[in-house]
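S.K.: after the sequence you'll find the predicted model.
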Amino acid sequence: MDEGRSAQAGIVLGALLTVASLMLAFTFSMAGGQFNARRELVIEDINAIGTAFLRAEQMPEPQRSTSASDPRNPSAIFRPNIFH
């Protein structure tokens, strides 16, 4: 009788460990996907900032100095003041 219970307990324990490992694998998979998505967004932002600075270097001099003096102001880079 004890051997039968021991075998059943082993089967139940194996099933529980399998379910727990499956849940852990899904959790790590979701976390990895979110990390990759966030990394892609950061790369896009970095590329946009680099493009903005390259565009600012190509402007005529009054707008170039204005856009270089305040890099936190994207409107100075993308829409230069034409009424100067």
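M.R.: That came through fine.
S.K.: give the contact list for Phe35.
M.R.: By Cβ atoms under 8 Å, 6 or more residues apart in numbering, the contact set of Phe35 is empty. Yep, even glycine has a C-beta here, placed from its N, CA and C like the rest.
S.K.: next up, phi/psi of it, please.
M.R.: phi -60, psi -40 (degrees, to the nearest 10).
S.K.: quick one: low-confidence ranges for the chain?
M.R.: Applying pLDDT under 70 to the chain flags residues 1, 64, 66-84.
S.K.: at 50 what do you get?
M.R.: 80, 82-84 (pLDDT under 50).
S.K.: Ala37 and Met30, how far apart?
M.R.: The gap separating Ala37 from Met30 is 11 Å, by Cβ to Cβ, to the nearest Å.
S.K.: what helix or strand does Leu17 sit in?
M.R.: Per DSSP states H and E: Leu17 is located in helix 2-57.
S.K.: residue contacts, the residue nearest to the spatial centre of the chain?
M.R.: With distances taken as Cα atoms, centre = their mean, Arg38 lies nearest the centre of the chain, 0.8 Å away. Listed by Cβ under 8 Å, 6+ apart, Arg38 has no contact partners.
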